[in-house]
Each structure stands twice: as structure tokens, then as C-alpha cells.
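K.L.:
From the sequence below, what's the structure:
(one chain, ligands or ions: 2)
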Amino acid sequence: MSTNTINILAIESSCDETSAAVIRDGKVLSNRIATQDVHERYGGVVPELASRVHMQNIVPVVGIALKDAGVDKKDITAVAFTQAPGLIGSLLVGACFAKAFAQALDVPLIAVHHMQAHVLAHFIDTKPEFPFLCLTVSGGHTQIVLCKDYLDMEVLGETIDDAAGEAFDKVAKMLGLPYPGGPLVDKYAQQGNPLVFKFPMSEMKDYEFSFSGIKTSVMYFLQAQKKLNPDFVEQNIKDICASVQYTIINMLMAKLKKAAKALNIKHVGIAGGVSANSGLRKALKETGEQLGWDVYIPKFEYCTDNAAMIGITGYHKYLKGSFTDLSASPSARATWDV
Ligand code: KG4
Ligand code: ZN
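P.N.:
Residues are numbered from 1 along each chain as shown. Ligands and ions are numbered 1, 2, ... in the order given. Model (predicted):
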């Protein structure tokens, strides 16, 4: 191996996925993700349980990621970890592990912002041109991000309440579906008619979003319909899912189009867990064709939380010499400049 080779070991533990990846010179050699099923029966992530499962998973997951990559510990050049935002107990597990690993190997430590990493997931296998506009939609965030360079990003607008993924999950819960319900809503929506039921679109200023309204309107709608017909959900689940998904996607795409037009940007992508949604992926492709955009849609494994995106961000921070010291402390909420 050349002495100039940069092998980044990356750790992601911000929510309920324990993930480790090895990135060599910006290319992904391995990307292991251990999903925590323990939360399913609670209908949402239980932070305390998430931290404990991270503790159990982190050592084996890192071991497997190194093995998959065929990289020995002593060949690691730097260790990158998610510093923020996320569940604090979960972040602490990854941060402590990364610090110990970096200290034991005497290599630099790199702190990564989870939301920047979702955007930079696009630069794993492709290379969008700057300025690049990214709609990042996850379980905790909904943001329109202007990406001027790898590490120069600006949030143009975000949700003032629930995230888009949260809206999917909460509607799924009302329909009796297990957590996380987003992928199941997507599955039913593919077989339903999006125009059967009408839900209100929130009208927000600038590039802001709001998803608490649709959640409440679906709740009242279901209550009223179930009074008339106790089997309403079972009989209409496909059309309900299709109609809710259609409304959420329209809200997201309206703001993305507005931002692309105002800034005259033609390189546009989606990122985060909800970018796995088949309807959103299709809407971006169709809009791109209509408006002459170059569109970027991540591979499924890079949509939801993964360490490869932490690794690619770590790689660009490494190139800039942007390291952190062992006093680095995770944060549940964070300013954009980690
Ligand atoms: O990015 P992510 O893995 O974690 C956070 O950083 O929050 O996103 C998880 C979110 C969950 O709300 C999940 O339901 C949603 O992404 N999600 C989807 C789909 N796949 C994942 N939502 C709609 N359709 C999907 N296919
Ligand atoms: Zn995420």
C-alpha cells in the first residue's frame, strides 16, 4: 500500500443504526450497518435501549467492517465519527469508541456533522457539480441545503416542527403499522391511488416546511371515518398511504423547485432516509426532466443512516486538515459548523 493512501475508519451511531465503514482515498471499501430491531415493539426509538445496543454492537461491527475491507487496524490513517446531531447516549457510544481507537493507534480524530454527511453521501459514487442543491429528508430533519463546496454548506430552510420522515412514521403508527413505518407507507402507496383522499398542504414562508398539520388532519380524518366504518383502514390502506405520501412529496418538491429557480441551480439531489421513498425518487426524476436538472438520487444503502457517508465527509475533512482533539464532545443539537 502506498504511504500516501488515506484509510478512514468511520463510525455512525446517532440514532438506532450502529454502522462502521472503511473509506480508502474517497472510495468505500466496506460499509456495515447493524439495525436495532428492539425498538419495533415500542413504536419508536427508545434512546436508553439504543445506547445499550450500540454498546453491544460497536466492537463487532467495526471488526467486520475492517475485515470486509481487508484493512488492518495499523493501516488506518484517521478515525471519523458522528459528533452531532442525534440521541446523546447513542452519540456518546460512537464518540468514545472513536476516541479510544484513534488514541490507541495515535492517528487523527475527525468530528462529522450527520446532516452534512447525508448531503456528501452523493459524492461517494458520483460527483455533482457545485453549487449543488440538496433536499435532506430524514426521521429528524427536513432541510434544503445549498452546497457550495464539500464542506461549505448553508441551510436555506428547514421544518419548523416535525420532519418529513416523522410524518411518515406517525401516519404509519395511526394505521397500525410497526416502526419505522415510512418504508411500509411507501410499499402500500405503490399499490394505491394518490387522488382518492385529499389532505391539506401547509403554506410556509421562504424555504420552511411544516408537517405537523398533515399528521393532525390524517388523525381526525381516520377518527371520523372509523366511526362510520370500523374496517375503514383495512379496506383503504393503499389509497390512504398513496394520498398521504403524495401530499408530503408535493410539499417537499414545491420548496425544492422554488429554491432551484431562485438560485438558478441545475444540480439537484435528495438525501436522508426519506430519499429511499419510491414516490420522491420518481418525482425528482420527473421534475428534473421537465426543468432540465441533473438529478442525484443516492443508492438505497446511502439513504438511511450509514457510516460510509461519515467516511466520505471525514475524508474531505482529512484533506483540509480539519481534525478534532480528544476533548471533542457530542451534541444532541449542533450548529452547522462541527
Ligand atoms: O436518515 P435516517 O435513516 O435517520 C435519521 O437521520 O433520521 O431516516 C430515517 C427515516 C425514518 O423516518 C423512515 O421511516 C424514513 O427515513 N424512511 C422512509 C423510507 N425509508 C426510510 N420514508 C418513506 N419512504 C421510505 N421508503
Ligand atoms: Zn440520518
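K.L.:
Around K148, how many other residues sit close by?
P.N.:
Neighbour count for K148, taken as other C-beta atoms under 10 Å: 11. Quick note: C-beta positions are derived from backbone N, CA and C, even for glycine.
K.L.:
So Y315 sits against K27, correct?
P.N.:
No - using C-beta atoms under 8 Å, Y315 is not in contact with K27, being 9.2 Å away.
K.L.:
Looking at these two, which one has more neighbours?
P.N.:
The neighbour count for Y315 versus K27, taken as other C-beta under 10 Å, is higher for Y315 (26 against 13).
K.L.:
what separates the helix or strand harbouring that one from the chain centre, distance-wise?
P.N.:
According to DSSP states H and E, Y315 maps onto helix 307-319. Relative to its chain's centre, helix 307-319 lies at 15 Å (C-alpha atoms, centre = their mean, to the nearest Å).
K.L.:
in a strand, that's where I11 is, yeah?
P.N.:
Yes - under DSSP: H, G, I helix; E, B strand; the rest coil, I11 sits within a strand.
K.L.:
contacting residues around it?
P.N.:
I11 makes contacts with 19-20, 58, 62, 79-82, 94, 97-98, 307, 310, as judged by C-beta atoms under 8 Å, 6 or more residues apart in numbering.
K.L.:
tally of neighbours for the residue of the stretch 1-150 of the chain found nearest ligand 1?
P.N.:
Residue nearest to ligand 1 within the stretch 1-150 of the chain (C-beta to the nearest ligand atom): G139, separated by 2.9 Å. By other C-beta under 10 Å, 25 other residues sit near G139.
K.L.:
Pull up the gap between it and A332, please.
P.N.:
Noted for G139: a distance of 14 Å to A332, by C-beta to C-beta, to the nearest Å.
K.L.:
where exactly do the strands run in this structure?
P.N.:
Along the chain, the stretches classed as strands by DSSP state E are 7-12, 17-24, 27-35, 78-84, 109-113, 132-137, 142-149, 152-158, 267-271, 294-296.
K.L.:
Is the second one positioned near ligand 2?
P.N.:
No - Strand 17-24 stays clear of ligand 2 (C-beta under 5 Å from the ion), getting no nearer than 8.5 Å.
K.L.:
just the third one next, same as before
P.N.:
No - using C-beta under 5 Å from the ion as the criterion, no contacts between strand 27-35 and ligand 2 are found, and the smallest distance is 11.8 Å.
K.L.:
Let me know whether that strand sits next to ligand 1.
P.N.:
No - judged by C-beta under 6 Å from any ligand atom, strand 27-35 stays clear of ligand 1, getting no closer than 9.7 Å.
K.L.:
Mean confidence (pLDDT) on stretch 154-168, please.
P.N.:
The pLDDT scores in stretch 154-168 average 97.
K.L.:
right, I mislabeled it, should have said stretch 97-114
P.N.:
Stretch 97-114 comes out at a mean pLDDT of 98.
K.L.:
got the buried residues for that stretch?
P.N.:
Buried residues in stretch 97-114, counting neighbours by 16 or more other C-beta atoms under 10 Å, are found at 97-99, 101-102, 105, 107-114.
K.L.:
One more: stretch 9-29?
P.N.:
Quick answer for stretch 9-29 (16+ other C-beta under 10 Å): 9-24, 26, 28-29.
K.L.:
Name the residues of this structure found near ligand 1, please.
P.N.:
Residues of the chain lying near ligand 1 (C-beta under 6 Å from any ligand atom): 15, 138-140, 165, 168-169, 180, 182-183, 186, 272-274, 276-277, 304-305.
K.L.:
Settle this for me: L175 is touching K187, isn't it.
P.N.:
No - in this structure, L175 is not within contact of K187 by C-beta under 8 Å, at 11.9 Å.
K.L.:
Which neighbours do these two have in common?
P.N.:
By C-beta under 8 Å, 6+ apart, the residues touching both L175 and K187 are C241.
K.L.:
neighbour-wise, which of those two wins?
P.N.:
Neighbour totals were compared for L175 and K187, and L175 leads with 20 against 13 (other C-beta under 10 Å).
K.L.:
Spit out the contact partners of that one.
P.N.:
Contacts of L175 (C-beta under 8 Å, 6+ apart): G181, V185, L222, V233, I237, I240, C241.
K.L.:
redo that, cut-off 6 Å
P.N.:
V233 (C-beta atoms under 6 Å, 6 or more residues apart in numbering).
K.L.:
Also M253?
P.N.:
So M253 contacts A283 (C-beta under 6 Å, 6+ apart).
K.L.:
If we use 8 Å, what do you get?
P.N.:
L280, A283, L284, T287.
K.L.:
same check, this time on T304
P.N.:
Going by C-beta under 8 Å, 6+ apart, T304 touches E17, I33, G272, G273, A276.
K.L.:
next one: I64
P.N.:
Per C-beta under 8 Å, 6+ apart, neighbours of I64: A20, S30, R32.
K.L.:
how near is the second one to L151?
P.N.:
Here the distance between S30 and L151 works out to 24 Å (C-beta to C-beta).
K.L.:
Now the residue of the stretch 51-200 of the chain found nearest ligand 2: closest residue in space, sequence neighbours ignored.
P.N.:
At 4.2 Å from ligand 2, S138 is the closest residue in the stretch 51-200 of the chain, using C-beta to the ion. In space, and not counting its chain neighbours, S138 is closest to G272: 3.5 Å by C-beta to C-beta, 6 or more residues apart in numbering.
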